[in-house]
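Chemist: Quick one, structure for this:
(chains A, B and C)
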Amino acid sequence: MEVRFVLNGTEVKVDVKPTAILTDILRDKLGVTSVKKGCETGDCGACAVLLDGELVNSCLVLAPTVAGKSVTTVEGLIVNGEIDIIQKRLAEYHGTQCGYCTPGMVMAIKALLNKNPKPSEAEIRRAISGNLCRCTGYQKIVEAVQSITA
Amino acid sequence: MGKVIGHRIPLYDSYRHTTGQTRYVDDIYLPGMLYVKTAKIPVPHARILNIDTTAAERVAGVAGVITHKDVPNNYWGAFVQDQPVLPDKFVRFLGQPVVAVAAVDEDTAYEAVDKVKIDYEELTPVFDPEEAMHPGAPEVHEGGNIAKFGGYDAMMVRLGDVEKGFAESDYIIEHKFRTAMNEHAFLEPHCSVAEADASGHITIYTASQTTSWHQFLICGVLGVPINTVRIVSSPTGGGFGGKSNPATEFVCAILARKTGKPVKWRWTREEEFLISTVRSADIMWMKTGFKKDGTLVARKIRYIQDTGAYNDFGTYGMMKLTSQINGPYRIPNVWFDGYVVYTNKQVTGPMRGYSITQSVSANETQMEIIAEITGLDPIEVRMKNLLQDGDILPTQQVLEAVGVRETLEAVIKASGWYNK
Amino acid sequence: MSVQYYSPGSFTEALQVLERNSNYTLLAGGTDVVPRLNLRQVKDLQGLIYLGNIVEMKKIVEHNEHIFIGALVTHARIAASELLKQKAYNVWYASYHMGTPAIRNAGTIGGNLVNASPAGDSCVALLAAGALASIKSLHENRLVPVKEFFVDKGKTVLKPGEILYGVHLPKAATGIKKGCSYQRIGTLKGSSTAIINIAVEIEQDTEGMCRACRIGAGAVASTSVRLYSLEEIFVDKKMSWSLIEQAVNEVDAYINPIDDTYATAWYRRKVIKVLLKRALAEASGLASEQEEV
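Modeler: Numbers count the residues shown, from 1 in each chain, chains lettered A, B, ... in the order given. As a prediction, this is how the structure comes out:
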């Protein structure tokens, strides 16, 4: 079946099976490989994207349900060649190690700051609680976010 | 120097990570690429009677199906070549892949896998290494469950006279410790992509922690010269030791040669938990003699390392462990017997301080108990027994440039230990 | 055969599609259905009916006697609701602490109920709230107490053609003080399934007499359950530490904890005593009087 949605500001059209997950559509059909497959059960957050502005695990979103909606990935945060402050500070504050959780982590932080521009440390930690970083770099990630909101 | 020290220097790859531009192995898409899934049986220990792949091969979109018959040199291993790429006679742990299918997409590969027919005779499994050591226990491998060290059952280390040491001790304590199995759980599941060119030369993209070792093993399995296999070591989405052993590479290479197309195999998280290597669950019996003033005199250890279904790095892990069995402490009389035991579980391997982490838990627990018995400060007991330059380890290495005392002193100071 | 997909725009249309295709799977937030699809645990999936576009099932409405929560209200919306935090604390707490931000944004209260996990977080809260499930089909509307909603693990009283429309949370009568407590333990703060979850609501009159007590517990049977025998200990009595001790001592006899990858039944038996004590103490207002809890 055909599904149309807006990906990072541009309308796209894809032919999907009803049971295809958004992660696979983004990666396999639209070339958005920043969206990672870590578990496919909604536990790790490596596939997290914004769906109509809300953070979701794209592995739990069936592709046809995205029809008419808007999807944002880390690629969509780059405007006129300028990377987002979250992307900049995570890099500067060593908030990345192996990098596999990073795109999902960036989107979780984006979702947080969109709604709450001055989060407390506890609110930052709660906002990234669904994004597992096995390199255990959480402290640096929190510091990077605090550097933005301070 | 002024531009480096005291400044935040972003890692060379960090902007690529935050913008999603880092290309991990799973992000490689090649024209005509095939996807792998494997057929398994639902029991941990079985004799394979027959494998029938005819129905699977007929599924539209399937490009290649392989069994042990397609593997030139099926058995591999670092010390003992006991592990099959695809088993021919026995399945020895739950989820062990028996047949691999390459198809145009994952759904088709799964469909074909469901059509593979494996006849098997279920055998009694053994999971506990101590049970596996008993005479009459189910045999994981023919010839017994205890891996050999040059013809001996145990890796043996002797220093001084341990019985004399116990006789000279004021106290003797004795404990049995067990640790649990650990999965590395890196975020990026195992994945590799292999392609073969017209001359049969193979390129493999993989997130390996041991690139050359992989190349060496793959050439051995394929029976080809080392110049015909190129390994492209790709960004690794976490390893922690768990990407030291070959996982998806053999199967991808063989299927790429057989089909002439690029082949990708990415494990699911379920497969990561079931069939990837783990840190071994070890059993440590430890008897330690010491003086009233906390000085260590003698230690006897019987160490059992559960290597899982195959040896792989197991023997090496035990050898590595022996040099550090007493941690950073000097003990003049040591008697150590270490066993590497097969069980019907996934293979164990390196993980963050290979083999050593487990023994540290036993060692340091006893140090705490010694502090309690002697009434000394736990730090004092440790300070009294620290290794220093010129000491000789039970494994005969002479130590130099030992920095443990300075390190511990710095920790005492930084933590404010004596002010607590 | 390929899987059929419907995305009805209204509740009535959804009932009509389901009436024709009672073997289709209803899809709401997807946090339970999609992992099963991804893990290939679903055999012979015929069709999917996606409910996400039905606006009327996404409402939270306060009525005189009860509060209505539509089945499609997400946990994130419940967690953000000041009304529910004030008047349905346990339901709020369950959603606030459930899963992760992304799970709360997708997962719905109706989904949690229909999934009927023995450890469902909203399930125990709704049991303790004395909630009613509003169930509708083209032929019949019925209200079923949540305590009668679960049949077995993954099984509910929903019949073919029926959809869970929402839940009704009764308000306390005038002159009655309602105390709530929700206690849970899991392996991680974020994400993890509860090892034990308990919700308690105690209604006390102005004299401090317990007029009603409802205890919902998860992971101690094949479904979330009410612990009626323990509730009876308190009814028409003045809440006291000795009654709480009695309930804690008796709880073993009324539970049959599950044994799974999250925890052993042995551990669950240990930990429920601690959580039950905390929950009863908090809900009765005794917790502040004594620090040992």
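Chemist: Look up the pLDDT of residue C:290 for me, please.
Modeler: In this prediction, residue C:290 carries a pLDDT score of 54.
Chemist: do the same with residue C:81
Modeler: With respect to pLDDT, residue C:81 has a value of 98.
Chemist: Please report how far it lies from residue A:116.
Modeler: 17 Å (CB to CB, to the nearest Å). C-beta here means a position set from N, CA and C on the backbone, and glycine is covered the same way.
Chemist: Also residue A:93?
Modeler: 20 Å.
Chemist: Of the two, which one has the most company?
Modeler: Legend: neighbour count by other CB atoms under 10 Å in any protein chain shown for residue A:93 and residue A:116, higher for residue A:93 (22 against 13).
Chemist: isn't the more buried one right up against residue B:9?
Modeler: No - using CB atoms under 8 Å, residue A:93 is not in contact with residue B:9; the gap is 11.3 Å.
Chemist: Where does residue B:283 sit, in terms of helix or strand?
Modeler: Element membership for residue B:283, per DSSP states H and E: strand B:282-290.
Chemist: Could you list every helix and strand that that strand packs against?
Modeler: Contacts defined by 3 or more CB pairs under 8 Å, 6 or more residues apart in numbering or on different chains; DSSP states H and E place strand B:282-290 against helix B:162-167, strand B:171-178, strand B:296-308, helix B:356-374.
Chemist: which stretch among the ones you listed comes nearest residue C:15?
Modeler: Residue C:15 lies closest, by CB to CB, to one member of these: strand B:296-308, at 53.5 Å.
Chemist: For the closest residue to chain C within the stretch 201-350 of chain B, which non-adjacent residue is closest in space?
Modeler: Closest residue of the stretch 201-350 of chain B to chain C, CB to the nearest CB: residue B:270 (6.7 Å). Spatial nearest neighbour of residue B:270, chain neighbours left out: residue C:39 (6.7 Å); criterion: CB to CB, 6 or more residues apart in numbering or on different chains.
Chemist: What is the burial count for that neighbour?
Modeler: 13.
Chemist: In contact with it, which residues?
Modeler: By CB atoms under 8 Å, 6 or more residues apart in numbering or on different chains, residue C:39 lies in contact with A:40, A:41, B:270.
Chemist: what's the neighbour count on the first one?
Modeler: Residue A:40 has 24 neighbouring residues, counting by other CB under 10 Å.
Chemist: OK, contacts around it?
Modeler: By CB under 8 Å, 6+ apart, the neighbours of residue A:40 are A:21, A:23, A:59, B:268, B:269, C:35, C:38, C:39.
Chemist: now residue A:26
Modeler: So residue A:26 contacts A:7, A:32, A:35, A:49, A:58, A:71, A:73 (CB under 8 Å, 6+ apart).
Chemist: Let me know the closest of those to residue B:241.
Modeler: Nearest member of the contacts of residue A:26 to residue B:241, counting by CB to CB, is residue A:35, at 27.1 Å.
Chemist: coming back round to it: counting neighbours, which of the contacts of residue A:40 comes out on top?
Modeler: Neighbour max across the contacts of residue A:40 (other CB under 10 Å) = residue A:59, 28 neighbours.
Chemist: check whether the helix or strand that contains residue C:113 contacts chain A.
Modeler: Using DSSP H and E, residue C:113 sits in helix C:109-115. No - using CB under 8 Å from any CB of the partner chain, helix C:109-115 stays clear of chain A, coming no nearer than 11.4 Å.
Chemist: What helices and strands are in contact with that helix?
Modeler: Using 3+ CB pairs under 8 Å, 6+ apart, helix C:109-115 sits against helix C:75-79, helix C:121-128, strand C:163-170.
Chemist: and those as JSON lines, adding distance to chain A and mean neighbour count?
Modeler: Converted to JSON lines, the helices and strands packed on helix C:109-115 look like this (distance: least, CB to the nearest CB, whole Å; neighbours: other CB atoms under 10 Å in any protein chain shown):
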{"stretch": "helix C:75-79", "distance to chain A": "8", "mean neighbour count": "23"}
{"stretch": "helix C:121-128", "distance to chain A": "15", "mean neighbour count": "31"}
{"stretch": "strand C:163-170", "distance to chain A": "17", "mean neighbour count": "22"}
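Chemist: Please name whichever of these is nearest to residue C:14.
Modeler: Of the helices and strands packed on helix C:109-115, nearest to residue C:14 by CB to CB is strand C:163-170, at 6.3 Å.
Chemist: what's near enough to touch residue C:50?
Modeler: A:62, A:64, A:65, C:5, C:6, C:7, C:8, C:27.
Chemist: wait, what's in contact with the residue nearest the centre of chain C?
Modeler: Central residue of chain C (CA atoms, centre = their mean): residue C:123, 1.6 Å from the mean position. Contact analysis of residue C:123 by CB under 8 Å, 6+ apart lists C:112, C:113, C:116, C:117, C:146, C:150, C:216, C:218, C:223, C:224.
Chemist: gap between it and residue C:156?
Modeler: Applying CB to CB to residue C:123 and residue C:156 gives a distance of 10 Å.
Chemist: Next, show the common contact partners of the two.
Modeler: Counting by CB under 8 Å, 6+ apart, the residues touching both residue C:123 and residue C:156 are C:113, C:116, C:150.
Chemist: before we move on, the earlier item: narrow the contacts of residue A:40 to those in helices?
Modeler: Judged by DSSP state H, helices contain the following of these: A:23, B:269, C:35, C:38.
Chemist: Switch those over to a markdown table; also include pLDDT and distance to residue B:145.
Modeler: As requested, the ones in helices among the contacts of residue A:40 are arranged in a markdown table below (pLDDT from 0 to 100; distance: CB to CB, whole Å):
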| residue | pLDDT | distance to residue B:145 |
| --- | --- | --- |
| A:23 | 98 | 42 |
| B:269 | 97 | 30 |
| C:35 | 97 | 37 |
| C:38 | 97 | 37 |
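Chemist: gap between the residue in the stretch 101-250 of chain B that chain C sits nearest to and residue A:60?
Modeler: Using CB to the nearest CB, the single residue of the stretch 101-250 of chain B nearest to chain C is residue B:110, 6.6 Å away. Distance of residue B:110 to residue A:60, computed by CB to CB: 19 Å.
Chemist: of those two, who's got more company?
Modeler: residue A:60 (26 against 15).
Chemist: Wait, that one touches residue C:30, no?
Modeler: Yes - Residue A:60 is within contact range of residue C:30, at 4.8 Å (criterion: CB under 8 Å).
Chemist: residues shared between the contacts of these two?
Modeler: Counting by CB under 8 Å, 6+ apart, the residues touching both residue A:60 and residue C:30 are residue C:106.
Chemist: residues touching the closest residue to chain A within the stretch 251-400 of chain B, list them.
Modeler: As assessed by CB to the nearest CB, chain A sits closest to residue B:269 within the stretch 251-400 of chain B, at 4.3 Å. For residue B:269, the contact set (CB under 8 Å, 6+ apart) comprises A:38, A:39, A:40, A:41, A:43, A:44, B:189.
Chemist: tell me which element residue B:118 is part of?
Modeler: strand B:117-122.
Chemist: Who does that strand pair with, and is each partner parallel or antiparallel?
Modeler: Sheet pairing here is set by DSSP bridges, and for strand B:117-122 it gives strand B:46-52 (antiparallel).
Chemist: Next, the buried residues of the strand it pairs with.
Modeler: Neighbour-count burial for strand B:46-52, counted by 16 or more other CB atoms under 10 Å in any protein chain shown, picks out B:46, B:48, B:51.
Chemist: what about it, average pLDDT?
Modeler: Strand B:46-52 comes out at a mean pLDDT of 98.
Chemist: In chain A, which residue sits nearest chain B?
Modeler: Closest point on chain A to chain B, by CB to the nearest CB, is residue A:34, at 2.4 Å.
Chemist: List the residues that contact the closest residue to residue C:256 other than its chain neighbours.
Modeler: Leaving out its chain neighbours, the residue that sits closest to residue C:256 by CB to CB, 6+ apart is residue C:221, at 5.5 Å. By CB under 8 Å, 6+ apart, the residues touching residue C:221 are C:118, C:255, C:256, C:257, C:258.
Chemist: Look at residue C:221 and report its pLDDT.
Modeler: The model's pLDDT for residue C:221 equals 95.
Chemist: Many thanks, we can stop here.
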